[in-house]
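Colleague: Just a sequence and a predicted model for now, questions to come.
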Amino acid sequence: MLIWRNSEQAEALSLRILSIDIDVQPHTDQILALAAVRTAGDASTEVVLRHNRRDLPATLTRLDSLAVDADFLLGHNLILLDLHKLHVVSPRMELFDIQQEDSLMTG
C-alpha cells in the first residue's frame with residue numbers, strides 16, 4: 001500500500017500515476033462515462049481523458065496508452081468495479097498488469 005502525507009512527499013517519490021473512474025448503467029453494465037488523469041513523475045498533470053458514450057473502443061485504446069510507464073493505477077472501487085467492467089469490454093488491456101491501488105480497499 002502506498003501512503004504519503006502531503007503533496008511534497010508524493011512529489012519526492014516521483015510517481016507516475018494513472019487515476020481512473022468509470023460509471024456504468026447498473027442494469028446493463030454499459031459504460032456510460034470514463035475519466036482518467038495521468039500524472040508525470042514530477043506530480044504535474046500530464047493528460048486528462050474523458051469519455052461519454054462516444055467511440056468507446058478508441059477511448060479504451062487511448063486509456064491503455066496512458067498506462068505505459070505508469071507506476072500504478074489508482075481508483076475508488078477500482079478492483080471490484082472498474083477493472084472488472086474494463087475487462088469485460090477489453091480483456092487484453094496493458095493496464096491490468098500495473099500495480100493497483102483502490103481507495104475503497106485501503107485501511
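Modeller: On my side now, so go ahead.

Colleague: what's in contact with the helix or strand containing His84?
Modeller: Using DSSP states H and E, His84 maps to helix 83-89. Residues from elsewhere that reach helix 83-89, judged by Cβ atoms under 8 Å, 6 or more residues apart in numbering: Ile22, Val24, Asp29, Ile31, Leu56, Leu60, Met93, Leu95, Phe96, Gln100. Where you see a C-beta, it was placed from the backbone N, CA and C, and this is true even at glycine.

Colleague: In terms of secondary structure, what does the next helix or strand after it contact?
Modeller: Note on helix 83-89: by DSSP H and E, the next helix or strand toward the C-terminus is strand 99-102. Secondary-structure packing of strand 99-102 (3 or more Cβ pairs under 8 Å, 6 or more residues apart in numbering; DSSP states H and E): strand 72-75.

Colleague: ok, what's across the strand from Ser19?
Modeller: Val37, Leu74 (DSSP bridges).

Colleague: Noted, bye for now.
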